[in-house]
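Trainee: sharing a model that was predicted from the sequence below.
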Amino acid sequence: MKETRVTVGVCARDYQGLTRDPNPKNIKGEFSYAIQSIDAAISSADLQAVRDAFAAILRKLPFLVTLTAAERRTVFKAGPDSLSFVENAQVAAKNNPAILPAGFDSAGFKNDVELFAVLTETQQSGCFSSVSD
């Protein structure tokens with residue numbers, strides 16, 4: 001059985017003796033980097049199982065797209081902190097349909113808000129932060 005070895009460097013900063021300026025660009029003083037290596041191995045079978053699991057996720061979420069850097073700059077940013085605002089907007093749209101344009105798709109908006117809530121919960125479950133860290 002073939003194994004793939006991965007070593008990842010994790011950087012932890014030691015900020016002793018730094019000024020307490022709230023702007024990180026204005027931090028003055030000396031700091032050192034402590035590198036902790038993670039030495040791990042994954043078997044070929046486990047690696048294939050992970051790839052298969054990601055492929056299954058992508059099949060279940062066919063609407064996911066990859067944006068270019070230019071597209072990312074032009075779209076509205078809605079992260080976990082925006083969820084309550086978006087949910088409140090959906091409630092306001094439901095309770096006050098007369099304030100919306102005639103062509104506004106309230107049912108579609110409701111579906112989008114529900115999907116946003118589910119994806120936000122999934123993202124915050126911890127699995128994806130471990131992958132991206």
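Mentor: Structure's in. What do you need? Since this is a predicted model, take the numbers as computed values, not measurements.
Trainee: in the longest helix seen in the chain, which of the residues would be classed as buried?
Mentor: Longest helix in the chain, counting residues (DSSP state H): helix 106-124. Residues of helix 106-124 classed as buried by neighbour count (16 or more other Cβ atoms under 10 Å): 109, 113, 116, 120. To be clear about C-beta, it is placed using only N, CA and C from the backbone, and glycine gets the same treatment.
Trainee: then stretch 55-75?
Mentor: For stretch 55-75, it's none, nothing buried (16+ other Cβ under 10 Å).
Trainee: can you give me the end-to-end distance of it?
Mentor: End-to-end distance for stretch 55-75, by Cα to Cα, to the nearest Å: 26 Å.
Trainee: show me what contacts residue 94?
Mentor: Going by Cβ atoms under 8 Å, 6 or more residues apart in numbering, residue 94 touches 106, 110.
Trainee: tell me the pLDDT of it.
Mentor: The confidence metric pLDDT takes the value 92 at residue 94.
Trainee: torsion angles phi and psi at residue 75?
Mentor: phi -90, psi 150 (degrees, to the nearest 10).
Trainee: quick check, it in contact with residue 69.
Mentor: No: contact criterion Cβ atoms under 8 Å: residue 75 and residue 69 do not qualify, at 11.5 Å.
Trainee: make TSV out of the buried residues of helix 106-124 and add distance to residue 62 and pLDDT.
Mentor: Below are these laid out as TSV (distance: Cβ to Cβ, whole Å; pLDDT from 0 to 100):
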residue	distance to residue 62	pLDDT
109	21	93
113	20	93
116	17	90
120	19	86
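Trainee: could you give the bridge partners of residue 41?
Mentor: Beta-bridge partners recorded for residue 41 (DSSP bridges): residue 5.
Trainee: now it: how far from residue 47?
Mentor: Distance, residue 41 to residue 47, using Cβ to Cβ, to the nearest Å: 10 Å.
Trainee: and residue 112, by the same measure?
Mentor: From residue 112 to residue 47 the distance is 35 Å (Cβ to Cβ).
Trainee: swap in residue 65?
Mentor: Distance from residue 65 to residue 47, by Cβ to Cβ: 26 Å.
Trainee: point out where this protein drops to low pLDDT.
Mentor: 1-36, 126-133 (pLDDT under 70).
Trainee: right, I'll leave it there.
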